[in-house]
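Colleague: quick one, fold the following:
(one chain, ligands or ions: 1)
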Amino acid sequence: MSKAHRGKGIRELAFHGRGECPVCKRTNVKILYEQESGGVKIKICKTCRAAVKHGKKSLPVIAAEAAAT
Ligand SMILES: [Zn+2]
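Modeller: Down below sits the predicted model:
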């Protein structure tokens, strides 16, 4: 399972794993990193995953939305 976020591995994904990141709202970035937010797993981009990991960003909005619906 090396290079899970690069090359052939992401070619089969829709839009090659690219899309809009729910955290930073940037478009056409690779959304390949799973983060748990209030029991819900969401996919975010690389930079946001790093930011969340270091406590610089959080994912409360998505969790609240998921709980409401
Ligand atoms: Zn992001």
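Colleague: which residue ranges form the helices in this structure?
Modeller: Secondary structure of the chain by DSSP state H: the helices cover 8-11, 46-53, 60-68.
Colleague: give the bridge partners for the residue nearest to the spatial centre of the chain, please.
Modeller: In the chain, the centroid-proximal residue (CA atoms, centre = their mean) is Ile44; its distance is 1.2 Å. Beta-bridge partners for Ile44, by DSSP bridges, are Tyr33.
Colleague: chain neighbours aside, what residue packs nearest to Ile10?
Modeller: In space, and not counting its chain neighbours, Ile10 is closest to Gly17: 4.0 Å by CB to CB, 6 or more residues apart in numbering. For every residue, glycine as well, the C-beta is placed using N, CA and C.
Colleague: pretty sure the one you found contacts Tyr33?
Modeller: No: applying CB atoms under 8 Å as the test, Gly17 and Tyr33 come out as separate, 10.1 Å apart.
Colleague: still on that earlier bit, per-residue confidence at the residue nearest to the centre of the chain?
Modeller: Note for Ile44: predicted pLDDT of 93.
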